[in-house]
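> starting from these lines, generate the structure:
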Amino acid sequence: MSVLFITGTGTEVGKTVVTAAVAALAGPGVAVLKPGQTGVAPGEPGDAAEVLRLAGPAVTTRELARYPEPLAPDIAARRSGLAPLAPGQVAGAVAALADEHRPVLVEGAGGLLVRYDEDGHTLADMALATAALGLEVEVLVVAAAGLGTLNTTALTAEALRARGLAVRGVVVGAWPTEPDLAARCNLGDLPAVAQAPLLGAVPQGAAAEGGEAFHRLARAALAPALGGDWDVVEFTARFVPPLP
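Here you go, the predicted structure:
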């Protein structure tokens, strides 16, 4: 894995915590790029700072643009009078990080097709521009646990496949302490709708502690394909209800 783009199926699905968990297990050479941070004022800690708090100082982080209002990057840039992000600009930053780091994780804003500029460029376009530079690119999809997640996950995976982007897998970004029937059934259905493996389920409240405690949690919550010990067969056997 050279470059892993991490996208959510929407907002508030646990994308930053999953990014931090992957970074925590990736080793000392990992870098995390946040192309566009919205809803954070200058000087305030953003998602990159949260990754550092959770995963530790061995992670190299970079943020390219920051817009103060909590909106999609395109409209947030226009309202603030700040320059939008172009796919080539992001691809160049990824390539520069990849010269000295493996892997490079790129955390998007919101869902895959959120607009970053007036021309409608998205995180998918940034991934394609990065691949055009000769780097190996995959995309990790962070999904919600409950009702509605099958549709948004299927749409995200379909959009990726239509663009020729490889889906590394799906991670549930915030597995509830008391999962309802929909969440439990979704564990079995998410790999089918995504046509990609389920690679973890990060527990709700995982961001409470950083450092070694978070590293242990990450290892228990992510599958071996992402550096952890999580066993999808054992986990689904515990939670997926039998058919009547």
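
> which other helices and strands contact the longest strand anywhere in the chain?
Identified as the longest strand of the chain according to DSSP state E is strand 166-175. When contacts are defined as 3 or more C-beta pairs under 8 Å, 6 or more residues apart in numbering; DSSP states H and E, strand 166-175 packs onto helix 15-25, strand 137-143, helix 149-162, helix 181-194, strand 198-203. In this view, the C-beta of every residue, glycine as well, is placed from N, C-alpha and C.

> could you point out which element follows the shortest one?
This means strand 198-203. Per DSSP states H and E, the first helix or strand lying C-terminal to strand 198-203 is helix 212-221.

> closest one to A213 among the helices and strands packed on strand 166-175?
Shortest distance between A213 and these, using C-beta to C-beta, is found for helix 15-25: 10.6 Å.

> can you check what angle separates the closest one from helix 212-221?
Relative orientation of helix 15-25 and helix 212-221, computed by axes from the mean of the first three to the mean of the last three C-alpha atoms, to 10 degrees: 100 degrees.

> how about the CA coordinates for helix 15-25, as CSV?
Output of helix 15-25 as CSV, limited to C-alpha atoms (Å, rounded to 0.1, in the frame of the first residue of the first chain):
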residue,chain,number,x,y,z
LYS,A,15,-13.5,8.9,9.3
THR,A,16,-10.8,10.7,11.3
VAL,A,17,-10.7,8.1,14.1
VAL,A,18,-10.3,5.4,11.5
THR,A,19,-7.6,7.4,9.8
ALA,A,20,-5.8,7.7,13.1
ALA,A,21,-6.2,3.9,13.8
VAL,A,22,-4.8,3.0,10.4
ALA,A,23,-1.9,5.5,11.0
ALA,A,24,-1.2,4.1,14.4
LEU,A,25,-0.7,0.6,13.0
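
> next, the buried residues of whichever helix or strand comes after it.
Next along the chain after helix 15-25, taking DSSP H and E as the criterion, comes strand 31-38. For strand 31-38, the neighbour count (16 or more other C-beta atoms under 10 Å) marks A31, V32, L33, K34, P35, G36, Q37, T38 as buried.

> now, which of those sits nearest D99?
Closest approach between the buried residues of strand 31-38 and D99, by C-beta to C-beta: A31, at 10.1 Å.
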